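In: give me the fold of what follows.
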Amino acid sequence: MVHSRMPGCVRFSIQWSDIHKPYGLSYPHVTNGGSKFINGHVLFRMGKLSESVCYSSTEASNRSNDTSAETCHHKGVRYYRIVLPVLFVDKTFTTTITIWPDADDDGNLAAAVRIAYYMIWWVLVSRSTNAYILAIATTICLSHQFQNLQSYFYSLERIFEDNELNQLEKEVKYEKSLKVGIKMHSDTLWCTRQCQIVYGIVYSGQIVISVTGLAVLMFQMLNSERTIPNTLAIFATAFTILITNGINMWSAGDVTVEATSLATAMYSSGWQNCEGAASVRIRQLLLVAMTQAQKPVVIRGCGITEMSYGSYLSIVKSSYSIFSVIY
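Out: From the prediction side, this is the model:
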């Protein structure tokens, strides 16, 4: 039934009686000399998926008498061999294609090995996913902690608005509250340093994956066939990499932004309402705290790259630079 076969092309001449249509499928065809030609479709024969058919669009009426193979490409055959049986032949949808067993192997040993593969796969995926979730959640908590500190220092000025206390009691209460805020700031900085130690490898891995992944996708787009499925797959992968990297940069960059605003909140805490010796003590204490708060709080990946909004664009540019240098 197969007229000819060449690399990259399979040509069929199939009688209509060979095609079974139990699934209500519609096959565009051309009739000539009792033969039916299925153009650009995956064929179902005897209830199983056969191979795709490729023909040129010219001289369709003479195809049944032409025994020469025509050059064509059907890279989507493997995709249809997996997806279409799920829709029409009651097959399973296999997302992870292993070297062995094959997707069509329904044996007991194959099923047991496939279960083991999936268990190992889930362990690896869950570990990496949980690492990202913990890193993002921790940096979000840190950024909100710096926001809480800002609100706390801004609220200290209300102490001097309490008419039930005299000036001395107000100064004592303000100084005590100021020391509490400075202690909380010190604890938050310690948590930030611990976050850098614990999640530094996560951020470093994310940067390396983003740069290399985008560069590889550029090479793939340059060397692959210009088809809509290939383009959509490349853009979907690139979009996923950019979104994942952006979420990490966003949450870690918020820590830097909120920590930068803390010195202004300390300055606006109401120290100018103090008088005499209390004013000198509080100004000296506040000067040390503001000096510490003005130091940039930065979470880094790979030891050098700041996890910030500006670094997000730098990573994208680095991927294109690698692509330009190699190509």
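In: only C-alpha atoms for contact and neighbour calcs from this point on.
Out: Fine.
In: can you list the weak-confidence ranges in the chain?
Out: Judged by pLDDT under 70, the chain has its weakly predicted residues at 1-96.
In: pick out the residue nearest the middle of it.
Out: Thr244 (3.1 Å; Cα atoms, centre = their mean).
In: buried sites along the helix or strand harbouring it?
Out: Using DSSP states H and E, Thr244 sits within helix 228-260. Neighbour counts over helix 228-260 (16 or more other Cα atoms under 10 Å) mark 230, 234, 238, 241-242, 245-246, 248-260 as buried.
In: and if you look at stretch 149-168?
Out: For stretch 149-168, by 16+ other Cα under 10 Å, it's Leu149, Gln150, Tyr152, Phe153, Tyr154, Leu156, Glu157, Ile159, Phe160.
In: give me the helices and strands touching the helix or strand harbouring Gly205, please.
Out: Counting by DSSP H and E, the element that carries Gly205 is helix 167-223. Applying 3 or more Cα pairs under 8 Å, 6 or more residues apart in numbering; DSSP states H and E, we find helix 167-223 packed against helix 108-155, helix 228-260, helix 276-293, strand 300-301, helix 309-326.
In: what strands line up against the shortest one, and which way round?
Out: Note on strand 300-301: by DSSP bridges, its sheet partners are strand 305-306 (antiparallel).
In: just the residues contacting the strand it pairs with, thanks.
Out: Strand 305-306 has contacts (Cα atoms under 8 Å, 6 or more residues apart in numbering) with Val298, Ile299, Arg300, Ser311.
In: grab the nearest non-local neighbour of the last one.
Out: On the basis of Cα to Cα, 6 or more residues apart in numbering, the spatially nearest residue to Ser311 that is not a chain neighbour turns out to be Thr305, at 7.1 Å.
In: quickly list what that neighbour is bridged to.
Out: Gly301.
In: Met221 contacts Thr231, correct?
Out: Yes - between Met221 and Thr231 there is a contact under Cα atoms under 8 Å: 7.3 Å.
In: measure Met218 to Tyr320 for me?
Out: Going from Met218 to Tyr320 by Cα to Cα, to the nearest Å gives 8 Å.
In: again but with His144, I slipped
Out: Applying Cα to Cα to His144 and Tyr320 gives a distance of 34 Å.
In: ditto for Ala252
Out: 24 Å.
In: Gln150 now?
Out: From Gln150 to Tyr320 the distance is 40 Å (Cα to Cα).
In: same thing with Ile207?
Out: Taking Cα to Cα, one finds Ile207 at 14 Å from Tyr320.
In: show me the domain layout of this structure.
Out: 2-93, 114-326 (automatic domain parsing).
In: is it true that Ile97 touches Asp104?
Out: No - counting by Cα under 8 Å, Ile97 sits too far from Asp104 to count as a contact (10.5 Å).
In: compare Ile207 and Tyr320 (neighbour count), which wins?
Out: Using other Cα atoms under 10 Å as the criterion, Ile207 and Tyr320 rank with Ile207 on top: 22 against 16.
In: ok, now which ones touch the more buried one?
Out: Asn245, Gly301, Cys302, Ile315.
In: farthest-apart pair in those, please.
Out: Asn245 and Cys302 (14.2 Å; Cα to Cα).
In: neighbours around the residue nearest to Ser311, how many?
Out: Thr305 has 17 nearby residues by other Cα under 10 Å.
In: do the same with Ile99
Out: Neighbours around Ile99, by other Cα under 10 Å: 7.
In: where does it land in three-state SS?
Out: coil (DSSP: H, G, I helix; E, B strand; the rest coil).
In: next one: phi and psi at it?
Out: Backbone torsions of Ile99, given as degrees, to the nearest 10, read phi -60, psi -40.
In: same check on the one 4 residues further on?
Out: Main-chain dihedrals, Ala103, degrees, to the nearest 10: phi -60, psi -20.
In: wait, what's in contact with Gly301?
Out: Taking Cα under 8 Å, 6+ apart, one finds Gly200, Ile201, Val202, Tyr203, Ser204, Ile207, Met307 in contact with Gly301.
In: how many residues are close by the first one?
Out: So that's Gly200. 18.
In: ok, now the second one?
Out: Ile201 is flanked by 16 other residues according to other Cα under 10 Å.
In: distance of it from Glu161?
Out: For Ile201, the distance to Glu161 - Cα to Cα - is 49 Å.
In: and for the fourth one?
Out: Counting by Cα to Cα, the separation of Tyr203 from Glu161 is 46 Å.
In: for the third one, same thing?
Out: Taken as Cα to Cα, the spacing of Val202 relative to Glu161 amounts to 47 Å.
In: do the first one as well
Out: Summarising the geometry, the distance separating Gly200 from Glu161, computed by Cα to Cα, is 45 Å.
In: residues contacting Ile209?
Out: Taking Cα under 8 Å, 6+ apart as the definition, Ile209 has no contacts.
In: er, Ala259 I mean
Out: Ser143, Phe146, Ala293, Pro296, Val297.
In: same thing with Gln294?
Out: Thr260, Leu262, Ala263.
In: recalculate using a threshold of 6 Å.
Out: When contacts are counted by Cα atoms under 6 Å, 6 or more residues apart in numbering, Gln294 is found next to Ala263.
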